[in-house]
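# need coordinates for the following:
(one chain, ligands or ions: 1)
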Amino acid sequence: MIKKAIAVMTSGGDSPGMNAAARAVVRTAISEGVQVYGIYNGYKGMIDDDIHELTSRSVSDIIQRGGTFLGTARSMEFKTPEGRQKGFQNLQKHNIEGLVIIGGDGSLTGGSLLSKETGVPIVGIPGTIDNDVWGTDYTIGCDTAANTIVDAINKLRDTASAHRRIMIVEVMGHTSGWLAVMSGIAGGAEYVLIPEVKFDIPDMCRELKEAYDNGKRYSIIVVAEGAGSGIEIGKQVEELTKIDTRVSVLGHIQRGGSPSVEDRMKASMLGEKAALAIISGASDVVFGFNEGKVVSINLFDAVNNTKTLNPELIRLARVLA
Ligand code: F6P
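Coordinates of the predicted model:
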């Protein structure tokens, strides 16, 4: 059992719903009579002792906001054992006996190393729009980001149809095509190009040309950034099809915005679970969702395995195109 204090931090790329998760951690800890600190600006803040006590009021008026009120960063220093020791000393200085980390793969890897080297209890909450953390169907922010992309596709569809164009939409996802596939299915895209599956641009262009010759007015092609540059693919497509082609790179717009109900709810549920777990003395677990239910995953399994994209989704994207 933790008697003194826990801390909560966000790390890596922000995602909509991180605030809801941190809020749930803070309010659960306080209702359990445990002091709670916020570590500001990720692992950098842990090293710099940017650590401050939080109250219930500190997390008012944030559930509806994207980003993270705690700030986030990518710290090179924390990748070294010396950096992690510095961070650990600052945790000890504040009598912090357990840490809840909200972040993606890289952030949870940092937590697993800290736990291994110092023994500080760590509980993780997966937070990234990429939905690429092993062992969980869901990571905080993926739903809002997918909705943002679908909203953009709806708008691009209007103008693509008006001009009989091909519209390429580049979305985030360096190694994971989850966002591309989800938004491709929900946005009714003709093609979804992802890093996990080989594709043949000349083949696709032949099909597109044939469809336009038969009266098709427009096409939407969603490209995950890890599958190639939307701009380069757009050039190739226009050259091979001779059909007017435009490219929209959605970029960091996908990371912002007010979190969806799903992200707020799931983040709140995971935040409560994580706080209760760390207070009760658990360590090296990540809380996620599997088939709609909260599950706990071993932290080392989560960071040492690579999540694969559900082949059913890939198939569905193809069938419905
Ligand atoms: O990991 C989340 C993510 O949004 C990726 O999809 C994207 O490739 C990357 O972060 C962008 O990172 P940065 O904010 O450093 O540009």
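# doesn't residue 173 make contact with residue 130?
Yes - the pair residue 130 / residue 173 is scored as a contact, 5.6 Å apart, by Cβ atoms under 8 Å. C-betas here are computed from N, CA, C, even on glycine.
# what does the stretch 201-321 of the chain put close to the ligand?
225, 255 (Cβ under 6 Å from any ligand atom).
# all strands in the stretch 201-321 of the chain, in order from the N-terminus.
In the stretch 201-321 of the chain, the strands defined using DSSP state E, counting those that start in this stretch lie at 219-224, 245-249, 285-290, 293-298.
# strands paired with the shortest one, and their directions?
Right, strand 245-249. strand 166-171 (parallel) (DSSP bridges).
# and the last one, by the same measure?
When sheet partners are counted by DSSP bridges, strand 293-298 sits next to strand 285-290 (antiparallel).
# how about the partner strand: buried residues?
285-289 (16 or more other Cβ atoms under 10 Å).
# the longest helix along the chain packs against which elements?
Determined from DSSP state H, the single longest helix within the chain is helix 142-163. The helices and strands touching helix 142-163, judged by 3 or more Cβ pairs under 8 Å, 6 or more residues apart in numbering; DSSP states H and E, are strand 166-171, helix 178-187, strand 219-224, strand 245-249, helix 261-279.
# and that helix, does that touch the ligand?
No - contact between helix 142-163 and the ligand is absent, the nearest approach being 8.1 Å (criterion: Cβ under 6 Å from any ligand atom).
# that helix to strand 219-224, inter-axis angle?
150 degrees (axes from the mean of the first three to the mean of the last three Cα atoms, to 10 degrees).
# pLDDT averaged over helix 142-163 - what is it?
For helix 142-163, the mean pLDDT works out to 98.
# distance check, the residue nearest to residue 262 when sequence neighbours are not counted against the ligand.
With Cβ to Cβ, 6 or more residues apart in numbering as the criterion, residue 262 has its nearest non-adjacent residue at 4.3 Å, and that residue is residue 143. Computed as Cβ to the nearest ligand atom, to the nearest Å, the residue 143 to the ligand distance reads 14 Å.
# and residue 181, by the same measure?
14 Å.
# returning to that earlier point: dump the strands of the stretch 201-321 of the chain to TSV, plus distance to residue 255.
Rendered in TSV, the data for the strands of the stretch 201-321 of the chain read as follows (distance: least, Cβ to Cβ, whole Å):
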stretch	distance to residue 255
strand 219-224	15
strand 245-249	13
strand 285-290	20
strand 293-298	24
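# of those, which is nearest residue 23?
Residue 23 lies closest to strand 285-290 among these, at 15.6 Å (Cβ to Cβ).
# taking their axis directions, the closest one and helix 261-279 sit at what angle?
150 degrees.
# what residues are up against the residue of the stretch 1-150 of the chain found nearest the ligand?
Nearest residue of the stretch 1-150 of the chain to the ligand (Cβ to the nearest ligand atom) works out as residue 13 at 3.4 Å. By Cβ atoms under 8 Å, 6 or more residues apart in numbering, the contact set of residue 13 is 72, 104, 128-129, 255.
# which strand in this protein runs the most residues?
Looking across the chain with DSSP state E, the single longest strand is strand 96-103.
# what's the angle between the following helix or strand past it and strand 96-103?
Moving toward the C-terminus from strand 96-103, the first helix or strand encountered (DSSP states H and E) is helix 105-118. Here helix 105-118 points in a direction 160 degrees away from that of strand 96-103 (the same axes, to 10 degrees).
# strands paired with the next helix or strand after helix 105-118, and their directions?
Counting by DSSP H and E, the next helix or strand C-terminal to helix 105-118 is strand 122-126. In the sheet, strand 122-126 lines up against strand 96-103 (parallel), strand 285-290 (parallel) (DSSP bridges).
# give me the phi and psi for the closest residue to the ligand within the stretch 151-300 of the chain.
Proximity to the ligand, evaluated over the stretch 151-300 of the chain using Cβ to the nearest ligand atom, is greatest for residue 172 at 3.3 Å. Per-residue torsions, residue 172: phi -70, psi 160 (degrees, to the nearest 10).
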